[in-house]
Structure formats: structure tokens, C-alpha cells
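# Model the structure of this input:
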Amino acid sequence: MAQRKVRVLIAKPGLDGHDRGAKVVARALRDAGMEVIYTGLRQTPEMIVEAALQEDVDVIGLSILSGAHMALAPRILELLHANGLDDVHVVIGGIIPDEDVPALKEMGIAAVYGPGTSTQDIVAEIRRLVTDAPEQQ
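Numbers count the residues shown, from 1 in each chain. Here you go, the predicted structure:
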């Protein structure tokens, strides 16, 4: 029986209009055999969670360069919980100050990737998150 591919939603929340990094990560995840859904620019937390719900994703990857991560991440996590998607892992990449990383992880962000993180490291971490998760039925 074939194993289901890991499904990852890549989203650009807020007003940030720079998506090159998000597209590079999306391509690396695809090349690694994952199914990737890219939502495009300027997504609201509500739009991101609705897409995650419709697409039955395992992971949401947020690309945030605007500095709004401390406002957007909690809202997305709140909406995931409200929609019964507590098993969806959320990772963030972008310009995230080191001092914000512990607070993000404490609120439930699974991983934070800064500039220069290798795509191989991101692929490995997403695989580990999904593989180490309890069985989903």
C-alpha cells in the first residue's frame, strides 16, 4: 500500500509582497516528494486556515518578512484550534528576530527558519514533524 504524501501549505500572510523564498522552499518540498499547495501573496489568517482545512494538510509553512509574525502566528494557531486542526504543524520562515523564537515555539510553532537555512534542513524537519506525529486515521 502506497504511503500518503506529506501535504504542505505554503502561505504568505499579511501585506508582505516578497515571495521568492516561499517559492524556493515550495519547490524544494515538491522535489522531495511532498505535495505543496501555495496560497499566494497577502493571505489573511482566516484564508490560510480555510485552505488548510480544505486541502487536508499536515503542515503549514508561513513565510513572513514583514515583522508581523507575533500578531499573525497566534491568530493562525487560534483559528486552527477553533477548526479542530490541532494536528497540523505550523512552521515559520523569514526575518524572525532571535528573541522572538522562544515565544513562537512556546505558543505552538513547530520550527522557525531564518535567512540562509538550507532547504535540505527544512525538508528533513518537516518529514520529522509528520513522521513523529501520532497516527492519523
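
# Please count neighbours and contacts with C-alpha atoms only from this point.
Fine.

# Mind listing the residues bridging to the residue nearest to the spatial centre of the chain?
Centroid-nearest residue in the chain, with C-alpha atoms, centre = their mean: residue 61, separated by 1.6 Å. Note on residue 61: beta-bridge partners residue 10, residue 91, judged by DSSP bridges.

# any idea how far it is from residue 86?
As for residue 61, its distance to residue 86 is 15 Å (criterion: C-alpha to C-alpha, to the nearest Å).

# Quote the end-to-end distance of stretch 29-44.
In terms of C-alpha to C-alpha, the two terminal residues of stretch 29-44 are separated by 23 Å.

# no wait, stretch 88-104
This stretch, stretch 88-104, spans 16 Å end to end (C-alpha to C-alpha).

# contacts for that stretch?
57-67, 69-70, 73, 77, 80, 108-115, 129 (C-alpha atoms under 8 Å, 6 or more residues apart in numbering).

# for that stretch, what is the average pLDDT?
Averaging pLDDT along stretch 88-104 gives 96.

# List the buried residues for it?
Buried positions in stretch 88-104, judged by neighbour count with 16 or more other C-alpha atoms under 10 Å: 88-96, 101, 104.

# Now, those residues that are in helices?
Counting by DSSP state H, the buried residues of stretch 88-104 place 101, 104 in helices.
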